[in-house]
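Novice: need a structure here:
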Amino acid sequence: MANLNARLDQIIPKIKEDKFIEGRGLGNEISFYVFDYEPQDELVVRDYIKHIKKEFCYEGSNRRIIEFDLYKMLLEITKDKRIFDRIFEMEERQGKDQLFKAMTTFAKPEVFLGKIKEQMGDYNVVFLTGIGKVYPFVRSHNILNNLQEVLDNVPVIMFFPGKYDGQSLQLFGKFKDDNYYRAFRLVD
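Specialist: Numbers count the residues shown, from 1 in each chain. Got it, this is the predicted structure:
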C-alpha cells in the first residue's frame with residue numbers, strides 16, 4: 001500500500017508538468033499514459049481520482065479533467081439502445097454467452113468514441129476508468145487504439161487494474177488484454 005500511495009502522489013505533479021499537456025518530445029507521439037495498479041487497490045485508486053479532479057477544479061486552472069468511466073458509459077449505451085431493462089432477463093433466459101454476444105454487438109469502440117467526442121468540450125485531460133468493471137464486454141486496448149482518432153492532442157490517462165509493462169496490458173494481472181505499445185507508463 002505504501003508503494004501505491006507513493007505512486008499516486010506522483011500523478012498530480014506529472015499532470016502539472018508542461019510536457020504532460022504539450023505531448024512527449026519530437027517524435028510527435030500521442031500522450032497516452034497508463035497508471036497500472038493491483039486490482040485489490042481499486043477503491044483506493046477511485047478515491048484518489050476524485051482527489052486529483054478536485055485539485056484541478058478551480059477558477060483559472062489550465063488543466064480541465066474529464067473522466068470517462070467505461071462501465072457507466074456502457075450502461076448509458078444500453079439505456080440509449082433501450083435494452084437496459086432486458087439485460088438481466090436475457091442473461092437468465094439465454095445464459096452468459098448469449099448476453100456477451102448481444103452486448104458486444106452494440107458496445108463497439110466507435111460507440112464509446114462517439115460519446116467521448118460528444119462530451120469533450122474544452123476539457124484538455126482525459127481519465128479513462130472503469131476498465132475492470134466493463135470487462136469482458138469492452139477491451140481497453142480497443143478503446144485506446146481508436147481513441148487517437150478522436151483525441152489527437154489531448155493527454156489520456158488510463159487507470160488500469162492490472163499490469164502494463166510498456167508493451168502489453170494484463171488485466172487483473174491474469175488476462176492478457178493485448179499488446180499496446182503507444183502508451184507510456186505514467187509512474188514507474
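Novice: Any chance of the backbone angles for residue 123?
Specialist: phi -70, psi 140 (degrees, to the nearest 10).
Novice: quick one, what contacts it?
Specialist: 64, 65, 66, 154 (Cβ atoms under 8 Å, 6 or more residues apart in numbering). C-betas here are computed from N, CA, C, even on glycine.
Novice: The same query, at a cut-off of 7 Å, please.
Specialist: For residue 123, the contacting residues are 64, 65, 66, by Cβ atoms under 7 Å, 6 or more residues apart in numbering.
Novice: Distance of the first one relative to residue 172?
Specialist: Note on residue 64: its distance to residue 172, by Cβ to Cβ, to the nearest Å, is 31 Å.
Novice: So for the two, which residue has more residues nearby?
Specialist: Of the pair residue 64 and residue 172, residue 172 is the one with more neighbours under other Cβ atoms under 10 Å, namely 16 against 12.
Novice: my read: the more buried one touches residue 39, true?
Specialist: Yes: Residue 172 is within contact range of residue 39, at 4.8 Å (criterion: Cβ atoms under 7 Å).
Novice: list residues touching both of these two?
Specialist: 132, 161, 162.
Novice: Determine the number of other residues adjacent to the first one.
Specialist: Burial of residue 132, expressed as a neighbour count using other Cβ under 10 Å, amounts to 17.
Novice: which one is it nearest to, not counting chain neighbours?
Specialist: residue 161 (4.1 Å; Cβ to Cβ, 6 or more residues apart in numbering).
Novice: My reading is that the one you found lies in a helix. Confirm?
Specialist: No: using DSSP: H, G, I helix; E, B strand; the rest coil, the assignment for residue 161 is strand, not a helix.
Novice: how much space is there between it and residue 131?
Specialist: 6 Å.
Novice: avg pLDDT for the one helix or strand residue 3 maps to?
Specialist: In this assignment (DSSP states H and E), residue 3 forms part of helix 2-8. Mean pLDDT, computed over helix 2-8, is 90.
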